[in-house]
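Novice: Below is the sequence, then the predicted model.
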Amino acid sequence: MNSMNDTGAVAGPASGPTSHTHRFRGLVATGFIATLVAMAATTLAAALAQAVGVGFEVSDGGETIPLSGFAVVTGFFSVAGIVIAVALLRWSARPAERFLWTAVSLTAISLVPPLLSGADTATITALLGLHLVAAAVMIPTLTRSLRTRVASHPD
């Protein structure tokens, strides 16, 4: 009897849990590096703004925002962005596009509180700029990382 009925099927690369875990870990690692860069960039930019006379004094109690506060808030919201990116990678057919629109929308919303803070014009302008600095680091990095992961692992 001839064994010509072999279909020639060969097992390909894993597309199961290991592949998904690799995609998520890579995205998270990229996100955390971008978070550290965003934290450093916003803190440096805030320090430079203070050096030229921006007080970062908010009207509620007249307290001044410390430099460490910029790093902490940037880190918190950057990690929130990573969580959104991971969720979209898991559950969206077009995660990069959805992340881009979501992140840009959330950035636009984040510009409202400084405008309502009652701070002086220099502080408001600096706060708006700091939001944009963090967004300029995080949004392109995570969007590019999502595109790379989708292109290299189409499910």
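Specialist: Noted; the coordinates are in hand.
Novice: Show me which parts of the worst-scoring helix or strand of the chain on mean pLDDT are buried, residue by residue.
Specialist: Least confident helix or strand, the chain: helix 17-51 with a mean of 93, by mean pLDDT, DSSP states H and E. Counting neighbours by 16 or more other C-beta atoms under 10 Å, one finds that the buried residues in helix 17-51 are 20, 23, 26-28, 30-31, 34-35, 37-39, 41-43, 45-46, 49. Where C-beta positions appear, they are placed from N, C-alpha and C, glycine not excepted.
Novice: Show me what the helix or strand following that helix is packed up against.
Specialist: Next helix or strand after helix 17-51 toward the C-terminus (DSSP states H and E): helix 67-91. Under the contact criterion of 3 or more C-beta pairs under 8 Å, 6 or more residues apart in numbering; DSSP states H and E, helix 67-91 touches helix 17-51, helix 95-110, helix 121-152.
Novice: quick one on the thing from earlier: now do the least confident helix or strand of the chain: distance to the chain's middle.
Specialist: 7 Å (C-alpha atoms, centre = their mean, to the nearest Å).
Novice: next one: stretch 88-98
Specialist: Its chain's average C-alpha position is 14 Å from that of stretch 88-98, according to C-alpha atoms, centre = their mean.
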